[in-house]
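> Sequence and predicted structure, then a few things I'm wondering about:
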Amino acid sequence: KTPAKKIPAGNRGIPVIGETIQFMAAINSNKGFYDFVKIRRLKYGNCFKTNIIGQTHVFISSTEAAKKILSNEGGNFTKRYIKSIAKLVGDQSLLCASHQQHKLIRSHLSSLFSTTSLSTMVRQFDELTVNNLSNWHKKSSIIILHEALKITLEAICKMLMSLEDKKELEMLHKDIGLIYEAMLSFPLRLPWTRFYKGLQARKRIMNLLDKILEARRKSKEKYDDFLDYLLIKDDQIIQLTNEQIKDNILTMIIAGQDTTASAITWMVKYLDDNPKALKNLRAEQQALQQKVSCKAYLTYEDLNCMPYASKVVKESLRMASIVPWFPRMALQDCEIEGFTIKKGWNINVDAKSVHFDPMIFHDPHKFIPSRFDDDSKPYSFLAFGMGGRTCLGLHLARAMMLVFVYRLTTSYRWKVLDSDESIEKWTLFSRLKSGCPIHVTSIEEERDSPNASKT
Ligand code: HEM
């Protein structure tokens, strides 16, 4: 006899409103919105049910469930974001497009992330990082998050559409910030709401992209960027429409800037907390510096000579779990690990809890890069998702983190000035509220004056 199916436990809250208020309270607290999930998982176990903004949400946390849902072999699930996110990124965005549209857009976009474009990106990102870091020792403090947001945005905009105009970049920076703040807000279009301000910011960005697209279509010049590739006329390939191009350029900025900058910030903090790991890392990076010192900038191949730094990056991503869960919707009634999942329910893969499962990662709250010396269990490292919706920018994100950490560890020693671990409110991706302020001392100056401190 087959065992009876279970309905996930949980509190559906009060009629209509469900647990929306508790969810919003978590977003608005300095523990971050994941706290909503954490509290319920501790109470109900690895699979629980709740109701947010009129919808049933199940959260599930295990490598087996992650495999079943993310590999989606039975075609039981589709990706689904809450309404406010869908409106802000646009309905042609890769994040929200229908299954068929997604296939078409993803195939266009993934061809852009070739080894050749990654090599160009590494060179460009390194140049931006070197310039940005060059005067840090002259300042009393540096907020890592702010600097990382600046360089990741500049790098991504150059890669996508050769946008380098400082004024336009500044405007874009502000508007992308407004969109982030609106992503988790209640979708009310009233002029004083975060959601409305986010939509206005989206409009301004669309106008800028219209201008860039129009100029590009008229231009005879060759740009070596994503936009040029997307506009190439080829009868064999179905072309993307203007709307598809614009929504997906915005999507790549949104998906790439904040995530990578937050990951860099967490990495700097974890290294400051773990002097032994930092010492190992610095030794590796300084040895590499000796080898590559004849070149002005790092190459993509140089990143292969950073085995320890690669594990530092991976461990930082595990602990930070920047995207804590992955939202999907059940397309039909199905069963996962003995639990009944009804058609139309949202089912979220709780990646953060897999990352902190002591049965998978020993001492999960400790920063131990060497844990990745051996291959990890399938579907246990989920920082970039898995399956057909895996992060498109994962190699780029890793490369940016490696370049950044190389430049930081070979140029400076640093001390974090504020150890507050609060999470910033209203952000979709987990961000340190302090932004990780640091004070740096130059390693080069230290060499020149042997009595300088070596903290
Ligand atoms: C450390 C930085 C990053 C992290 C942690 C990250 C994480 C993720 C995760 C977890 C997903 C999948 C979510 C799901 O399955 O529901 C995703 C999707 C995506 N990411 Fe990233 N990402 C990062 C950087 C980037 C960068 C730099 C880009 C591009 C410039 C990018 C572009 C995308 C896109 C386009 C998708 C949607 C793919 C699809 O739905 O087919 N990401 N990312």
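Thanks, I have the structure now.
> quick one, phi/psi of residue 47?
Per-residue torsions, residue 47: phi -140, psi 120 (degrees, to the nearest 10).
> distance of the residue nearest in space to the middle of the chain from residue 336?
The centroid of the chain falls nearest to residue 259 when counting by Cα atoms, centre = their mean (2.8 Å). Note on residue 259: its distance to residue 336, by Cβ to Cβ, to the nearest Å, is 27 Å. The C-beta positions use only the backbone N, C-alpha and C, and glycine is treated the same way.
> Same check on residue 155?
Applying Cβ to Cβ to residue 155 and residue 336 gives a distance of 39 Å.
> who's more crowded, those two?
Per other Cβ atoms under 10 Å, whichever of residue 155 and residue 336 has more neighbours is residue 155, with 24 against 20.
> you'd agree the more buried one is up against residue 126?
No - contact criterion Cβ atoms under 8 Å: residue 155 and residue 126 do not qualify, at 9.6 Å.
> Tell me the secondary structure at residue 56.
Here residue 56 is strand, with the state taken from DSSP: H, G, I helix; E, B strand; the rest coil.
> Local confidence estimate at it?
pLDDT, residue 56: 94.
> wait, what's in contact with it?
Shown in contact with residue 56 (Cβ atoms under 8 Å, 6 or more residues apart in numbering): 12, 49, 50, 342, 344, 345, 346.
> One more pass at 7 Å, please.
Neighbouring residues of residue 56 by Cβ atoms under 7 Å, 6 or more residues apart in numbering: 49, 345, 346.
> Turn the buried ones among those residues into a named PyMOL selection, would you?
Command for PyMOL, covering only those of the contacts of residue 56 found buried under the criterion 16 or more other Cβ atoms under 10 Å:
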select buried, resi 49+345+346
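> got TSV for the contacts of residue 56, with distance to residue 171, secondary structure and pLDDT too?
TSV is the format used below for these (distance: Cβ to Cβ, whole Å; DSSP: H, G, I helix; E, B strand; the rest coil; pLDDT from 0 to 100):
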residue	distance to residue 171	secondary structure	pLDDT
49	43	strand	96
345	40	coil	96
346	35	strand	95
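> which bits of the stretch 251-400 of the chain sit near the ligand?
Within the stretch 251-400 of the chain, the residues that sit near the ligand (Cβ under 6 Å from any ligand atom) are 251-252, 255-256, 259-260, 263, 317, 322-323, 326, 383-385, 389, 391-393, 396-397.
> cutoff 8 Å now
Within reach of the ligand by Cβ under 8 Å from any ligand atom, the stretch 251-400 of the chain has these residues: 251-253, 255-257, 259-260, 262-263, 317, 320, 322-323, 326-328, 349, 351, 382-394, 396-398, 400.
> And the strands in the stretch 1-150 of the chain?
In the stretch 1-150 of the chain, the strands defined using DSSP state E, counting those that start in this stretch lie at 47-52, 55-60, 77-79, 142-143.
> Let me know which of those is the nearest to residue 182.
For residue 182, the closest of these is strand 47-52, at 16.9 Å, according to Cβ to Cβ.
> Mind putting the strands of the stretch 1-150 of the chain into JSON lines with distance to residue 34?
Listed next are these as JSON lines, based on distance: least, Cβ to Cβ, whole Å:
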{"stretch": "strand 47-52", "distance to residue 34": "14"}
{"stretch": "strand 55-60", "distance to residue 34": "10"}
{"stretch": "strand 77-79", "distance to residue 34": "19"}
{"stretch": "strand 142-143", "distance to residue 34": "23"}
